[in-house]
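Participant: I'll drop the sequence and a predicted model, then ask my questions.
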Amino acid sequence: MLDLELLRSFVSVVDAGGFTRAGERVHRTQSTVSQQIKRLEEDVGQVLLHRDGKDLRPTEAGERLLSYARRLLSLAEEARDVLRQPDSEGAIRLGIPEDFAAYRLAKLLAAFSRSHPGLRLDVRADQSKNLARDLERGELDLALFKRAAGGKDAIAVWPERVHWVTSKSHPIDADAASVPLIGFPLGCLYRAGAIHALESAGRPWHMAYTSSSLAGIQAAVAAGMGLSILSEMAIQSDHRVLTAKDGFAPINKTEVALMASPGASPATLRLADRLAEFCDNVQAKAA
């Protein structure tokens, strides 16, 4: 029989793209994870990973096993939940940025909720500064939020791809006397980055449109009311990306961080694993 712990390490290595990060996810050392993969390869009699320096990718046999491994782990998790959990598993208070809420994350959360009928999900979409604050205060159990690159103490982090954008049909004049900005209210990481970039370049600016709604910001950009900074997943077909050739240098690097409160419940950590897998897949597709 296939060992579920070996399968879990194998899936983590593929999703994370390396032994070190996979070890952090399954709470094992890098050498232990490497040994587990070797044992799994011996059990199935196949090489499962191409090892090219730090680059790891599944072989053809590894890709075939990966699908089965995910299904087996999911089924095992479901069985444990049914047998071990009481009728009510309590609640998970989750905070996510609005562009993630508008993306495919809603489907993931709905599927997780269906697989845990005794668990109540309390999901809130908000500005990252508010999510980080509320997590620290103990008002959230788990949060996915954006911050300046280089932060610490997270379950996982991912570099974020953000761009200056304007309207495709009604672009703003790059040589305007004052650059009209569109953004979230004061305290938004993107807003602060845009202002810093413009002021560093000695360019006058003014706020042309402020909204707490991502949809409102997207619509204002498309209509030609001004420029904004958006993540790749929030850029729409009626937006045009501006580059250094247009006179707009990249803003300071940002990242997406996943953090849990101290003493997070097993259910919260399982949801954290699902969110980490989701973000890994988003990064892989964008690469």
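Facilitator: Yes, it's here.

Participant: Show me where this protein has its strands.
Facilitator: Here the chain has its strands, by DSSP state E, at 49-52, 55-58, 90-96, 119-125, 142-148, 156-159, 162-167, 179-183, 205-210, 228-231, 239-242, 254-260.

Participant: Other residues contacting the first one?
Facilitator: To tie it back to what came earlier, the one meant is strand 49-52. For strand 49-52, the surrounding residues in contact (CB atoms under 8 Å, 6 or more residues apart in numbering) are 13-14, 37, 41, 56-59, 62. Where C-beta positions appear, they are placed from N, C-alpha and C, glycine not excepted.

Participant: and these, which two are the farthest apart?
Facilitator: Largest separation among the contacts of strand 49-52 by CB to CB: Glu41 and Arg57, giving 14.6 Å.

Participant: How about the contacts made by the residue in the chain sticking out farthest from the centre?
Facilitator: Most distant from the centre of the chain: Ala177, at 36.9 Å, with distances by CA atoms, centre = their mean. Neighbouring residues of Ala177 by CB under 8 Å, 6+ apart: Pro204.

Participant: Quick check: it vs Lys146, distance?
Facilitator: Separation of Ala177 from Lys146 (CB to CB, to the nearest Å): 31 Å.

Participant: ok, and the closest non-adjacent residue to Val221?
Facilitator: Nearest non-adjacent residue to Val221, counting by CB to CB, 6 or more residues apart in numbering: Ser228, 5.1 Å away.

Participant: May I have the predicted confidence score for the nearest residue to Arg57 once chain neighbours are set aside?
Facilitator: Excluding the flanking residues, the one nearest Arg57 by CB to CB, 6+ apart is His50, at 5.1 Å. pLDDT, His50: 86.

Participant: just Phe19 next, same as before
Facilitator: The model reports Phe19 with a pLDDT of 75.

Participant: again with Pro204
Facilitator: pLDDT, Pro204: 94.

Participant: can you check the one 4 residues further on too?
Facilitator: The confidence metric pLDDT takes the value 96 at Ala208.

Participant: begin at 2 from here
Facilitator: In the new numbering, first residue 2, that becomes Ala209.

Participant: looking at it, it is touching Ser229, isn't it?
Facilitator: No: checked against CB atoms under 8 Å, the pair Ala209 and Ser229 is beyond contact range at 9.6 Å.

Participant: sorry, back to before: neighbour count for Glu42 and Arg58, which is higher?
Facilitator: Counted by other CB atoms under 10 Å, Glu42 and Arg58 do not tie: Glu42 has more neighbours, with 19 against 12.

Participant: wait, what's in contact with the more buried one?
Facilitator: Contact partners of Glu42, counting by CB under 8 Å, 6+ apart, are 48-50.

Participant: closest to Ser32 among those?
Facilitator: Closest approach between the contacts of Glu42 and Ser32, by CB to CB: Leu50, at 15.4 Å.

Participant: What separation is there between that closest one and Gly264?
Facilitator: Distance of Leu50 to Gly264, computed by CB to CB: 35 Å.

Participant: next one: Arg138
Facilitator: If you measure Arg138 against Gly264 using CB to CB, the figure is 15 Å.

Participant: quick revisit: and for Ala209 and Ser229, which residues touch both?
Facilitator: Common neighbours of Ala209 and Ser229 (criterion: CB under 8 Å, 6+ apart): 182-183, 221.

Participant: How about Arg241: which residues does it bridge to?
Facilitator: On the basis of DSSP bridges, Arg241 is bridged to Thr167.

Participant: Check it and give its pLDDT.
Facilitator: 96.

Participant: Same check on Asp88?
Facilitator: Per-residue pLDDT puts Asp88 at 54.
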